[in-house]
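**Q** everything below, folded, please.
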Amino acid sequence: MTGLRESLGSLATEAVDPAFEALDAVDTLEAARMMNQADAGVAAAVERVLPQVARAVDEVTSRMRRGGRLVYAGAGTAGRLGVLDASECPPTFDTDPACVVGLIAGGERALTTAVEGAEDSRVEGFRVVDELAVDELDTVVGISASGRTPYAIGAVERAAVRGCFTVGLACNAGSDLGRAAELAIEVVVGPEVIAGSTRLKAGTAQKLVLNMISTLTMVRLGKTYQNLMVDLRATNEKLAARSWRIVREATGAADADVDRALAEADGEVKTAIAVLLGGVGAGEARRRLDAHGGVLRDALTDLGTQGEHHAHH
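**A** Below you'll find the predicted structure:
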């Protein structure tokens, strides 16, 4: 136990910052200011690791193009953030739920309840990765603020043995997790307002990096056109309204034409845009999209239009 005490003591994420020791003595607004000031440095810490983030995106993209998956593995807050990021990909980018997967120590119950001791098992990390039968087309991202969570390290180690590309996302430099992975993304955000409470700055930093990895991978895969969500799935009224606005924004077409194109395209935003900008039927629009791996920009170029009908042009 003493060994663990000493090694935790050396971690930036566990350090006690005297700047925050009056947190319980000041008024609420001042306390909120302290937290806000602490948070202000998070984006700058992420900025320092952008080259590593970009490499992760490129590695994930090249594998996903060949049918690979993106798998996140973590315990506690880190695990929840991975599950959150994974669960938001299908509605935003119309991905198959099996395509981006979030694994959390202790399983689904751990999303809402602290499952004691779950994070301490490297073997559990091995097991979940084996269960998914990952291979060289998959990427496994271990997430751990301290960078020493056995579950995340176990998942990464096992994934590496199985030929995956592995990433270690941590908030301490020179972390065990970073060393275990092929690519380390270590966002050093420093001591938390509440010492050791890594759901704060460390959690925010991890959320920012995960946002980038999943979003930019989807952009590279052609899930967007310009900065529009053209692969979204209209599963409710809000999304149906958003689909309509995106088609109009991308094409500048008259309302009735947007209605007609979306109806013809069975609600597929990308197909409807290709129908309007390419002047083709839905069947031909789909054929061109398929020929270009779903990348709308390339399909439009093929159809002899560069989206010059955009409302803003």
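
**Q** can you pull out the strands in the stretch 201-313 of the chain?
**A** Remark: no strands are assigned in the stretch 201-313 of the chain by DSSP state E, counting those that start in this stretch.

**Q** T113 in helix, strand or coil?
**A** For T113, the assignment made with DSSP: H, G, I helix; E, B strand; the rest coil gives coil.

**Q** how many other residues sit next to it?
**A** Residues near T113, counting by other C-beta atoms under 10 Å, number 9. For glycine as for every other residue, the C-beta is placed from the backbone atoms N, C-alpha and C.

**Q** mind checking how far it is from S146?
**A** Distance of T113 to S146, given as C-beta to C-beta, to the nearest Å: 21 Å.

**Q** what of G304?
**A** Distance of G304 to S146, given as C-beta to C-beta: 55 Å.

**Q** compare those two (neighbour count), which wins?
**A** More neighbours surround S146 than the other of G304 and S146, with 23 against 9 (other C-beta under 10 Å).

**Q** for M34, give me its contacts.
**A** A19, F20, L23, V26, V193 (C-beta atoms under 8 Å, 6 or more residues apart in numbering).

**Q** wait, is the last one part of a helix?
**A** No - V193 is assigned coil when assessed by three-state DSSP, not a helix.

**Q** my read: it touches P18, true?
**A** No - applying C-beta atoms under 8 Å, one finds V193 not in contact with P18, separated by 11.9 Å.

**Q** low pLDDT regions in the stretch 1-150 of the chain?
**A** Applying pLDDT under 70 to the stretch 1-150 of the chain flags residues 1-9, 118-119.

**Q** now do 80
**A** Of all residues in the stretch 1-150 of the chain, those with pLDDT under 80 make up the ranges 1-10, 116-119.

**Q** ranges for the helices of it?
**A** In the stretch 1-150 of the chain, the helices defined using DSSP state H, counting those that start in this stretch lie at 2-9, 28-39, 42-47, 50-64, 76-93, 122-131, 150-161.

**Q** winner for burial among those helices?
**A** Across those, averaging neighbours per residue (mean count of other C-beta atoms under 10 Å) puts helix 150-161 on top, at a mean of 25.

**Q** which strands and helices sit next to it?
**A** strand 70-74, helix 122-131, strand 139-144, strand 165-170, helix 176-180 (3 or more C-beta pairs under 8 Å, 6 or more residues apart in numbering; DSSP states H and E).

**Q** can you list those in a markdown table and add distance to D85?
**A** Below are the helices and strands packed on helix 150-161 laid out as a markdown table (distance: least, C-beta to C-beta, whole Å):
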| stretch | distance to D85 |
| --- | --- |
| strand 70-74 | 7 |
| helix 122-131 | 17 |
| strand 139-144 | 9 |
| strand 165-170 | 11 |
| helix 176-180 | 17 |
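
**Q** tell me which of the ones you listed lies nearest to S243.
**A** Judged by C-beta to C-beta, the one of the helices and strands packed on helix 150-161 that comes nearest to S243 is strand 70-74, at 25.0 Å.

**Q** which segments of this structure make up each domain?
**A** Domain ranges of the chain: 7-220, 237-302, per automatic domain parsing.

**Q** out of those domains, flag the one nearest D231.
**A** domain 7-220 (4.3 Å).

**Q** let me know which of the helices and strands packed on helix 150-161 is the nearest to G154.
**A** helix 122-131 (2.5 Å).

**Q** kindly format the C-alpha coordinates of stretch 207-214 as PDB.
**A** Provided in PDB are the C-alpha atoms of stretch 207-214 (Å, rounded to 0.1, in the frame of the first residue of the first chain):
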ATOM      1  CA  LYS A 207     -13.800  14.600 -23.400                       C
ATOM      2  CA  LEU A 208     -12.200  17.200 -25.700                       C
ATOM      3  CA  VAL A 209      -9.800  14.600 -27.100                       C
ATOM      4  CA  LEU A 210     -12.500  11.900 -27.600                       C
ATOM      5  CA  ASN A 211     -14.700  14.500 -29.300                       C
ATOM      6  CA  MET A 212     -11.800  15.200 -31.700                       C
ATOM      7  CA  ILE A 213     -11.000  11.500 -32.400                       C
ATOM      8  CA  SER A 214     -14.500  10.400 -33.200                       C
END
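
**Q** residues in contact with it?
**A** 42-43, 46, 49, 53, 56-57, 60, 70, 72, 81-82, 84-86, 88-89, 100, 141, 143, 169, 185, 187.
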